[in-house]
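Q: any chance you could fold what I've pasted below:
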Amino acid sequence: MENRTELQPYSVLMSVYSGENPEFFAQSLESLYTQTYPADEIVVVCDGELNEQLDGVLEQYSEKFGGKLKIHRLESHGGTAKCANTGLAICKNEYIMKMDSDDTVSYTHLRAHETCAD
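A: Modelled structure (predicted):
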């Protein structure tokens, strides 16, 4: 295994559908925003049409993350596998962390994983 001295860029892949809890979704995105080792990109695949509250969360965090948040909308509900495959094709980095829309991570979680990967 090669010895890396630099932290490697990584993507976060997440999907969301209309039945998700907007508050949990916002907490999940906020936990990514406060990382000490932030993602190079965050790919969110919308599994069909979202409700107004979830779209509001995406709009809010799209502004916070700037160009790091990439949103892809499926025209209709495709399910978990279709969202994952679609998102994997969009992610640009070799390292990808898959999260559910109600998952949260502590602010040093990803730095700790990078240290373990070395």
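Q: can you pull out the strands in the protein?
A: Ranges of strands in the chain, per DSSP state E, are 10-16, 41-46, 69-73, 95-99.
Q: got TSV for those strands, with mean pLDDT and distance to residue 83 too?
A: Where you see a C-beta, it was placed from the backbone N, CA and C, and this is true even at glycine. Output for the strands of the chain, formatted as TSV (pLDDT from 0 to 100; distance: least, C-beta to C-beta, whole Å):
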stretch	mean pLDDT	distance to residue 83
strand 10-16	97	4
strand 41-46	98	4
strand 69-73	98	9
strand 95-99	95	10
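Q: could you dump those strands into TSV with mean neighbour count added?
A: TSV is the format used below for these (neighbours: other C-beta atoms under 10 Å):
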stretch	mean neighbour count
strand 10-16	23
strand 41-46	23
strand 69-73	16
strand 95-99	17
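Q: how about JSON lines for those strands, with distance to residue 29 added?
A: Formatted as JSON lines, those follow (distance: least, C-beta to C-beta, whole Å):
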{"stretch": "strand 10-16", "distance to residue 29": "8"}
{"stretch": "strand 41-46", "distance to residue 29": "8"}
{"stretch": "strand 69-73", "distance to residue 29": "8"}
{"stretch": "strand 95-99", "distance to residue 29": "10"}
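Q: ok, which of the ones you listed comes nearest residue 22?
A: Set against residue 22 and scored by C-beta to C-beta, the strands of the chain come closest in strand 10-16, at 9.5 Å.
Q: now the angle from that closest one to strand 41-46?
A: Relative orientation of strand 10-16 and strand 41-46, computed by axes from the mean of the first three to the mean of the last three C-alpha atoms, to 10 degrees: 20 degrees.
Q: tell me the helices and strands packed up against the longest helix along the chain.
A: Using DSSP state H, we find that the single longest helix of the chain is helix 52-65. Other elements packing on helix 52-65 under the criterion 3 or more C-beta pairs under 8 Å, 6 or more residues apart in numbering; DSSP states H and E are helix 22-33, strand 41-46, strand 69-73.
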